[in-house]
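S.K.: After the sequence you'll find the predicted model.
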Amino acid sequence: MTDAKSVSEKATPKQMADAIRVLAMDGVEKAKSGHPGMPMGMADVATVLFSKFLKFDASQPDWADRDRFILSAGHGSMLIYALLHLTGYKAATKQELSNFRQWGSKTAGHPEYGHMPGVETTTGPLGQGLANSVGFAMAERHLAAKYGADLVDHRTWVIAGDGCLMEGVSQEAIALAGRYKLNKLTVLWDDNEITIDGKVSLSDTTDQKARFKAAGWAVKAVDGHDMKAIKSALQWATRQDKPTLIACKTKIGRGAATMEGSHKTHGAALGAAEIAATRLGLSWTHEPFELPEAVDRAWKKVGRRGAKERKAWEARLAASTQAADFTRAMKGDLPEGAFAKLDAKIAELVESKPAQATRQSSGAALDELFAAVPELIGGSADLTGSNNTFVKGTPILDAPTYEGRYVNWGIREFGMAAAMNGMALHGGVIPYGGTFMVFSDYSRPAIRLGALMGVRAIHVLTHDSIGLGEDGPTHQPVEHLAALRAIPNLLVFRPADTIETMECWKLALEHKSAPSAMALSRQKTAAVRTVAASENLSAKGAYELRAAKGAAKATVFATGTEVPLALAAADTLEAEGTPTRVVSVPCFELFFQQPKAYQDSVIGRGTVRVAVEAAIQQGWERFIGEDGGFVGMTGFGASAPAEVLYEKFGITTEAVVAAVKARL
């Protein structure tokens, strides 16, 4: 209880910041796990940002024109949980704060998108939140150009630490933001000179302010505990014509009785004695997770501050002729008739039976989809001609207008994939980006986080096997299909021909809660889908492409460019008296979502089972069992024409036939 005098008191900004500090140290202490130092150090900066600048309404966390706040330094998660609780987000209850890092709580160890309203992206793997923010800012600029400032006019604010700036992806991200002059992006750098091991100087001497300036950013340095200076710097940021970095000189663990400034506050609870002394030093007499009434009132007022602006925006939306389209796009729904042209093209191609590389088939699919799905924004990591990601006539997304729909990402696979996640999270756009499949190694951390968050980003990965030929083993993926298939909630498509490629594009667009990876060939492949189907056969992940002539004795599974090889092997086996079925497997993940009865009918457990894929075997055991045959790669590739490589590495019709015969 508080007395009548305290009820009438007005909380000071310092007391509001101290509320963050106390909640952070109490949450970490209760969990006996976490990172109190950063939230305590950045409490003053966060208080000024949320109370004076951030456009949001705690009662409507998903307001489309809200500012986006990204805690790239996600280890300091109690900062955002404290802010959400203090400003009145309904889900951020006192109970959730006290259950920090516990089973079933919304307050995960690092902020997770979809768990707690107000958390815009999953952060923790350092640097990725910063890279996400570039995608958020790009989406905002593009949608503002498309719908106008009446509907889209907001900023992206980021708190990043030294670890975020040390990670290599930060350079990719800041170079992109500088190139595209993303003036509504501001990074607040927690410049505390501390990492887990100790002083930053142990491992780094980079002049970060000079680095950002060199990348085209406007840069300012402030005392991160001087609220007047912080306010002035944030006002300055809103007036710039380029992205802004504000270096906030802070002390980690600010306010801690004896540990302020120590790296020991980074990743461990302060302990009961230190917390008691800190409470005394802050004149904080309340129990854990309890707030002085004046402080609680002040913060709740901050949470309501944006309601008037939000209601005015809703009125503008209701009056707009673009309201329905804007609302649909932000929900992620596809336009009516999105696949009409593509379906017509599929019907045409079943008849013409084109033999072409599946990367070309992907480009053909985009030709039919791009106008029909205006939310699509594509690009390539400097491999546009090879990835077939550009639709003729598409304007380039660029400053100062941003209405274009094609992005020149440069040689930045990781930055591209992470920014694509940010674009997808922002809403209103559906990003896709291309590179060679072997370079999915560079973008994998962002692909993984996209899968964890369940965002619709489409990764076009061409040159999908040794079939790319002469570029050699450095560019020939062998383990990459298995590595991508190992990521939960990632749809990995390896289509066999043009029809399957187009079906897979439809599936990638239809799945709103999972990213997709499209494994596409450089070399031509024969058409295998030569009969019209009344449904999307690829939707079940695997299907019987050709039945055996009689009771099947063998089943051959294949993906991509190896499906024609499997069909040829079946021809040979049938001619020799062995009834053989062929199963095309464009997507493992969708297949294993099917009912068990369907899976059993496709797998054909009573038959000899052999799989063929120009990659390593890992993962195929679920189809072929422990005793099944596999024709594929067991090591790295080599430099030679594709047809020579297939012969030399034994990925041939004869090898498939021999594998079946050996098990009959």
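M.R.: Nice, I can see it.

S.K.: got a list of what the closest residue to residue 551 other than its chain neighbours touches?
M.R.: Using CB to CB, 6 or more residues apart in numbering and skipping residues adjacent in sequence, the residue nearest residue 551 is residue 579, 6.1 Å away. In this view, the C-beta of every residue, glycine as well, is placed from N, C-alpha and C. Residues near residue 579 by CB atoms under 8 Å, 6 or more residues apart in numbering: 548-554, 573.

S.K.: same thing with residue 9?
M.R.: residue 294.

S.K.: what about stretch 171-188, average pLDDT?
M.R.: The average pLDDT within stretch 171-188 is 98.

S.K.: Number of residues surrounding the closest residue to residue 465 other than its chain neighbours?
M.R.: Spatial nearest neighbour of residue 465, chain neighbours left out: residue 614 (3.9 Å); criterion: CB to CB, 6+ apart. Other residues near residue 614 come to 29 when the count uses other CB atoms under 10 Å.

S.K.: pLDDT score assigned to residue 614?
M.R.: Listed pLDDT for residue 614 reads 98.

S.K.: Do I have it right that it meets residue 469?
M.R.: No - here residue 614 does not reach residue 469: they are 11.7 Å apart, not a contact under CB atoms under 8 Å.

S.K.: Give the next helix or strand downstream of the helix or strand that residue 314 is a member of.
M.R.: Assessed by DSSP states H and E, residue 314 sits inside helix 307-319. Next helix or strand after helix 307-319 toward the C-terminus (DSSP H and E): helix 323-331.

S.K.: First-to-last residue distance for stretch 590-609?
M.R.: Counting by CA to CA, to the nearest Å, you get 20 Å between the two ends of stretch 590-609.

S.K.: just stretch 265-276 next, same as before
M.R.: 15 Å.

S.K.: What distance do you get for the nearest residue to residue 286 once chain neighbours are set aside to residue 135?
M.R.: Nearest residue to residue 286, sequence neighbours excluded (CB to CB, 6+ apart): residue 292, at 6.2 Å. Separation of residue 292 from residue 135 (CB to CB, to the nearest Å) stands at 39 Å.

S.K.: list the buried ones in the helix holding residue 314?
M.R.: Neighbour counts over helix 307-319 (16 or more other CB atoms under 10 Å) mark 310, 313, 317 as buried.

S.K.: And for stretch 233-244?
M.R.: Within stretch 233-244, judged by 16+ other CB under 10 Å, the buried ones are 233-234, 237, 240, 242-244.

S.K.: among the residues you listed, which are in strands?
M.R.: residue 244 (DSSP state E).

S.K.: Please state the backbone phi and psi of residue 520?
M.R.: The phi/psi pair for residue 520 (degrees, to the nearest 10) reads phi -130, psi 140.

S.K.: switch to numbering from 13
M.R.: Will do, 13 is the new start, and the previous item becomes residue 532.

S.K.: now it: how far from residue 624?
M.R.: Distance from residue 532 to residue 624, by CB to CB: 18 Å.

S.K.: what sits opposite the residue nearest to residue 449 when sequence neighbours are not counted in the beta ladder?
M.R.: Distances taken as CB to CB, 6+ apart place residue 473 nearest to residue 449, at 3.8 Å, with adjacent residues excluded. Applying DSSP bridges to residue 473 yields these beta-bridge partners: residue 447, residue 531.

S.K.: Quick check, residue 473 in contact with residue 448.
M.R.: Yes - between residue 473 and residue 448 a contact is recorded at 7.1 Å, counting by CB under 8 Å.

S.K.: Neighbour count: the two, which is higher?
M.R.: Applying other CB under 10 Å to residue 473 and residue 448 shows that residue 473 carries more neighbours, namely 28 against 23.

S.K.: The more buried one and residue 565, how far apart?
M.R.: 36 Å.

S.K.: now residue 623, what's its secondary structure?
M.R.: strand (DSSP: H, G, I helix; E, B strand; the rest coil).

S.K.: so what's it scoring on pLDDT?
M.R.: At residue 623, pLDDT is 98.

S.K.: Please name the bridge partners of residue 504.
M.R.: Beta-bridge partners, per DSSP bridges, of residue 504: residue 529.

S.K.: doesn't residue 642 fall inside a strand?
M.R.: Yes - secondary structure assignment places residue 642 in a strand (three-state DSSP).

S.K.: Look up how far residue 241 lies from the nearest residue to it once chain neighbours are set aside.
M.R.: Sequence neighbours aside, residue 629 is the residue nearest to residue 642 in space, at 4.4 Å (criterion: CB to CB, 6+ apart). Counting by CB to CB, the gap from residue 629 to residue 241 is 61 Å.

S.K.: same question, residue 23
M.R.: 21 Å.

S.K.: In helices, which of the buried residues of stretch 245-256 fall?
M.R.: 245-246, 249 (DSSP state H).

S.K.: got the CA positions of whichever helix or strand residue 580 is part of in CSV?
M.R.: Using DSSP H and E, residue 580 maps to helix 575-587. Taking Å, rounded to 0.1, in the frame of the first residue of the first chain, the C-alpha atoms of helix 575-587 are listed here in CSV:
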residue,chain,number,x,y,z
VAL,A,575,13.5,-37.9,-61.2
PRO,A,576,14.0,-38.5,-64.9
LEU,A,577,16.8,-40.8,-64.0
ALA,A,578,14.5,-42.7,-61.7
LEU,A,579,11.9,-43.0,-64.4
ALA,A,580,14.6,-44.4,-66.8
ALA,A,581,15.7,-46.9,-64.2
ALA,A,582,12.0,-48.0,-63.7
ASP,A,583,11.7,-48.5,-67.5
THR,A,584,14.7,-50.8,-67.4
LEU,A,585,13.5,-52.8,-64.4
GLU,A,586,10.0,-53.1,-65.9
ALA,A,587,11.5,-54.4,-69.2
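
S.K.: Could you tell me the average pLDDT over the helix or strand just after it, please?
M.R.: Counting by DSSP H and E, the next helix or strand C-terminal to helix 575-587 is strand 592-596. Averaging pLDDT along strand 592-596 gives 98.
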